[in-house]
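Colleague: What would the 3D arrangement of this be:
(2 chains)
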Amino acid sequence: NAGVMQNPRHLVRRRGQEARLRCSPMKGHSHVYWYRQLPEEGLKFMVYLQKENIIDESGMPKERFSAEFPKEGPSILRIQQVVRGDSAAYFCASSTETGHTPGYTFGSGTRLTVV
Amino acid sequence: AQTVTQSQPEMSVQEAETVTLSCTYDTSESDYYLFWYKQPPSRQMILVIRQEAYKQQNATENRFSVNFQKAAKSFSLKISDSQLGDAAMYFCPTGANSKLTFGKGITLSVRP
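Modeller: Below is the predicted model of the structure:
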């Protein structure tokens, strides 16, 4: 019974390249959440998705960032034309429930470094 | 809107002793949850304990217990019989509408 799987664990991109971060939720979980953690900070909510639907993207930057959770396959967080300020740890979490925030299971995160 | 304040950036405790980590929050939600998560150097976010705001009874989980003061919007974590493996960053997010709001965290070190 694998937990939330994120890959890659570490990702290095040059400025201007695209970054694609993957998240496979726990088996039976249909809700996925993405958070970003800057150095010395707590996690900040980015987006909440269900299969084929974006439920809440209030924490997503307006440009260059997008997320999807297709019917088949993992959820993808995509960052286009990365800049140094995008360097951070990106965490994915999943849950079975919604509405009352039961407490998710987090993945181990992807550390993105933009050089 | 929700905010979380963890005013002590660092704490230290002797192994086998008890330590309390402080957390205050503010929220406009009437229905919300409170959590403590632990983040060791591996970076994995591990759920330590959870409290439903509508429950008056404080949650406990083995060596971990909370002191939830709803009127004061305070949610502290007590760790009893501290172990070396407790050394980590601790966060106390609040949750409503499927979103968690985090503070900056507290770094706990455990002295052998």
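Colleague: Look up the closest residue to A:N7, ignoring the ones flanking it.
Modeller: Leaving aside its sequence neighbours, A:N7 sits nearest to A:R22 (C-beta to C-beta, 6 or more residues apart in numbering or on different chains; 5.2 Å). Heads up, the C-betas are built off the backbone N, CA and C, glycines and all.
Colleague: Specify the beta-bridge partners of that neighbour.
Modeller: A:N7, A:I76 (DSSP bridges).
Colleague: And for the one 10 residues further on?
Modeller: For A:V32, the beta-bridge partners under DSSP bridges are A:L49, A:S94.
Colleague: ok, back up a step: gap between the residue nearest to A:N7 and chain B?
Modeller: Distance of A:R22 to chain B, given as C-beta to the nearest C-beta, to the nearest Å: 17 Å.
Colleague: Equivalent analysis for A:P70, please.
Modeller: Taking C-beta to the nearest C-beta, one finds A:P70 at 20 Å from chain B.
Colleague: coming back round to it: burial count for the residue nearest to A:N7?
Modeller: 16 (other C-beta atoms under 10 Å in any protein chain shown).
Colleague: Over to the one 10 residues further on?
Modeller: For A:V32, the tally of surrounding residues (other C-beta under 10 Å) stands at 27.
Colleague: Could I get the contacting residues of it?
Modeller: By C-beta atoms under 8 Å, 6 or more residues apart in numbering or on different chains, the residues touching A:V32 are A:23, A:25, A:48-50, A:69, A:75, A:92-94.
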